[in-house]
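In: give me a model of this one.
(2 chains)
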Protein chains: 2
Amino acid sequence: MSDMANVPVIVLVRPQLGENIGKAARAMLNFGLTEMRLVEPRDGWPNPAAGPAASGADIVLEKAQVFASVAEAVSDCAHVYATTVRKRGVTKPVLNPEEAAREIANRSQRRSAILFGPERSGLETEDVALARAIVTVPINPEFGSLNLAQAVILCAYEWSKHHVLAQPTAEELLPPAPQEELEGLIGHFEELLEPAGYFRPPSRAAATRRTLRGLLTKPGWNHLEVRTLRGVLSALGRKEQNGD
Amino acid sequence: MSDMANVPVIVLVRPQLGENIGKAARAMLNFGLTEMRLVEPRDGWPNPAAGPAASGADIVLEKAQVFASVAEAVSDCAHVYATTVRKRGVTKPVLNPEEAAREIANRSQRRSAILFGPERSGLETEDVALARAIVTVPINPEFGSLNLAQAVILCAYEWSKHHVLAQPTAEELLPPAPQEELEGLIGHFEELLEPAGYFRPPSRAAATRRTLRGLLTKPGWNHLEVRTLRGVLSALGRKEQNGD
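Out: Sure, this is the predicted structure:
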């Protein structure tokens, strides 16, 4: 993957379940984040429940570092973001994941860190105090139930948009067929429809032809598609001759 | 929440684990989506494992409807999106979740549906064939491991960005006809082509039907256009009978 975008560190503060640490690792690696830091994981580290939940994102877990405090975990980071579900009574800028990702990715120097709190309770006021800004996911006010890995994946996903993402190479869609081929198709339709009386009465023929042309022009069918349709019409024409 | 943005239906196609259905429901409700449809859930429905995993998003599960086929599940939807991890050799537009969400949210008429495949295998080619466009999450090419609920949450999250913001847009020209009408058109074509031997040899019939479906799905014809084409086909059918 490209190194153009500044890559944030993901800091899990006092995470409770190893399973959730594994899920967070998986979420990170899906979008190209590899550096996880753990502050006082409740059940110690390494945690045997993390690996299976990471579904193959082992490299993130192997490289994860453990710290005794949030301050130590972010000591080399110049920009610290604290994720919270609700806004708190703090006088810090509040960003959504999209805005935070834009800031983080566009920095040319110094690392950024994003803090995520314990599963049940979220970050404490003291943790948030270390951050320059708060990241809040705008969520259904009647049902806010984002788990840790989901909060991580949304932040990682937004960051990845700024990364030069090696997309699965999109094959060029074929361009619309040349007008000549489209005319051939329209002509073929008319040829079959004429003897079937479709264009009667004569007073309405022009409008009917226009409608038909409009229909067949709209799709922007490519060369192969037009050829297939010509085959369809030929089959319908044969059917008539055979009096099947 | 506001009702300004067009709200998509989430269709889980042949989901395997009840737990994952519950997690998908939770992901949806976090971002204000409530309408889930299930196509042939492997372990039947309701599924006792779904509730606990939904973490309170019970209303989504209670309202979930079960269908025997994808076509039936989306019959009232005019815009069908198929989520896939990789780009396939299909000639359909490929969108990321952000682009798809923008399209969906800004529609003033008719519902959209987003299809998600089974956990292990994803959507089959036949499922994708029903869709007008493909939604792919740009992902780490060296580690693509998005689970079902994660794919759902990213789509729901992107949609929610347009929710409150969505503005009344200029009325579209007529929207594409509901899927049901499109199915009627495709069926009419097949009915005429079958006796003409168009689907022979049998070994190629499935691929030929898929090609035809792709062609006819691409235009996004509206109700009037579909009706006109049905008239065209009827004329061609009559012609055969008259042996003109």
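In: so the spatially most central residue of chain A is in which element?
Out: Chain A has residue A:157 as the residue nearest its centroid, 6.3 Å off, counting by C-alpha atoms, centre = their mean. Element membership for residue A:157 (DSSP states H and E) is helix A:148-160.
In: now do that helix: distance to the chain's middle.
Out: Chain-centre distance of helix A:148-160: 10 Å, with C-alpha atoms, centre = their mean, to the nearest Å.
In: cool, stretch A:49-68 as well?
Out: 23 Å.
In: quick one on the thing from earlier: tell me how far the residue nearest to the centre of chain A lies from chain B.
Out: The gap separating residue A:157 from chain B is 6 Å, by C-beta to the nearest C-beta, to the nearest Å. Heads up, the C-betas are built off the backbone N, CA and C, glycines and all.
In: what's near enough to touch that residue?
Out: Contact analysis of residue A:157 by C-beta atoms under 8 Å, 6 or more residues apart in numbering or on different chains lists A:30, A:31, A:97, B:137, B:154, B:157.
In: mind running it again at 6 Å?
Out: Counting by C-beta atoms under 6 Å, 6 or more residues apart in numbering or on different chains, residue A:157 touches A:31, B:154.
In: show me where chain A has its strands.
Out: Along chain A, counting by DSSP state E, strands occupy A:9-13, A:36-39, A:65-67, A:77-83, A:94-95, A:111-116, A:133-135.
In: in stretch A:53-67, what's buried?
Out: Within stretch A:53-67, the residues scored as buried using 16 or more other C-beta atoms under 10 Å in any protein chain shown are A:53, A:54, A:55, A:57, A:60, A:61, A:64, A:67.
In: what's it in contact with?
Out: A:19, A:22-23, A:25-26, A:28-29, A:34, A:36-39, A:45, A:50, A:73, B:145.
In: specify the beta-bridge partners of residue A:38.
Out: Per DSSP bridges, residues listed as beta-bridge partners of residue A:38: residue A:12, residue A:66.
In: looking at it now. What's its pLDDT?
Out: With respect to pLDDT, residue A:38 has a value of 98.
In: pretty sure it contacts residue A:12?
Out: Yes - the criterion here is C-beta atoms under 6 Å, and residue A:38 meets it with residue A:12 at 5.3 Å.
In: for the residue found closest to residue A:208 once you drop the neighbours it is linked to in the chain, phi and psi?
Out: The shortest distance from residue A:208 to any non-neighbouring residue, by C-beta to C-beta, 6 or more residues apart in numbering or on different chains, is to residue A:199 (5.6 Å). Residue A:199 adopts backbone torsions of phi -100, psi 10, taken as degrees, to the nearest 10.
In: ok, how many other residues are close to residue A:199?
Out: Using other C-beta atoms under 10 Å in any protein chain shown, residue A:199 has 18 other residues around it.
In: repeat that for residue A:179.
Out: Residue A:179, neighbours per other C-beta under 10 Å, totals 9.
In: ok, it to residue A:213 distance?
Out: Per C-beta to C-beta, to the nearest Å, residue A:179 is found 12 Å from residue A:213.
In: could you do residue A:106 as well?
Out: Taken as C-beta to C-beta, the span from residue A:106 to residue A:213 is 50 Å.
In: who has more neighbours out of these two?
Out: Neighbours per residue, other C-beta under 10 Å: of residue A:106 and residue A:213, the larger number sits with residue A:213, 15 against 11.
In: contacts only, for that one.
Out: Per C-beta under 6 Å, 6+ apart, neighbours of residue A:213: residue A:186.
In: repeat that for residue A:45.
Out: Residues near residue A:45 by C-beta under 6 Å, 6+ apart: A:38, A:66.
In: for residue A:35, same thing?
Out: By C-beta under 6 Å, 6+ apart, the contact list for residue A:35 reads residue A:9.
In: report the separation between it and residue A:65.
Out: 8 Å.
In: and what of residue A:127?
Out: 17 Å.
In: got a pLDDT number for residue A:171?
Out: pLDDT, residue A:171: 47.
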